[in-house]
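Q: the following comprises the amino acid sequence and a computationally predicted model.
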Amino acid sequence: MTSTLWPGHLPITRVRIARPTDRLTAVTGFYRDVIGLEVIGGWIDDGSHAGYDGVMIGLPGWDTHLEFTQHKDGSPCPAPTRDNLLVLYVDSREDLLSVSEAIQARGGVPVVPENPYWLNRAVCFEDPDGWGVVFSLKPGVG
């Protein structure tokens, strides 16, 4: 069983997953309006952010959030592969169907995953940058 506590030498209290984009408005809209997550913060460069604008998207109930940044000179980040994924787990097939229907009703279009592991146990979408968002049955659920 995996521990629910961080190792003693890592007093971590919050996690932020950050990545650059050249489509900050479209990416924000996808995670907020299509996926349905909350924007919990953000900034427009006022000279104190070295040319970066950004937005933070919250993952409810967790001290975890996503950060997307856009630099005025463009992103140095290469395009993602089809296997760069954010994976979010659900507990049942009924939940998976409900999530899939809700996201599709908001304009999300399912895509075929690169890795066949996700077939028949997940529904996959791509954000405007081509990064995959996978909603999957948690391990051990068939």
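A: Received it, and whenever you're ready, just let me know what you need. Residues are numbered from 1 along each chain as shown.
Q: with the flanking residues excluded, which residue is spatially nearest to the most centrally placed residue in the chain?
A: The centroid of the chain falls nearest to L86 when counting by Cα atoms, centre = their mean (4.9 Å). Nearest non-adjacent residue to L86, counting by Cβ to Cβ, 6 or more residues apart in numbering: V133, 5.1 Å away. Heads up, the C-betas are built off the backbone N, CA and C, glycines and all.
Q: gap between the one you found and L37?
A: Remark: distance between V133 and L37 (Cβ to Cβ, to the nearest Å) = 10 Å.
Q: got the domain ranges for this protein?
A: The record, using automatic domain parsing to delimit domains, assigns the chain the ranges 15-71, 85-137.
Q: out of those, name the one with the poorest average pLDDT.
A: With a mean of 92, domain 15-71 has the lowest mean pLDDT of those.
Q: follow-up on the earlier one: any chance of the domains of the chain in JSON lines, with distance to A79 too?
A: Converted to JSON lines, these look like this (distance: least, Cβ to Cβ, whole Å):
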{"stretch": "domain 15-71", "distance to A79": "10"}
{"stretch": "domain 85-137", "distance to A79": "6"}
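Q: of those domains, which is nearest L5?
A: Ranking the domains of the chain by proximity to L5 (Cβ to Cβ) places domain 15-71 first, at 13.6 Å.
Q: and that closest one, how far out from the chain middle?
A: 10 Å (Cα atoms, centre = their mean, to the nearest Å).
Q: and the nearest residue to D91 once chain neighbours are set aside, what does it touch?
A: Excluding the flanking residues, the one nearest D91 by Cβ to Cβ, 6+ apart is K138, at 6.2 Å. Contact analysis of K138 by Cβ atoms under 8 Å, 6 or more residues apart in numbering lists 89-91.
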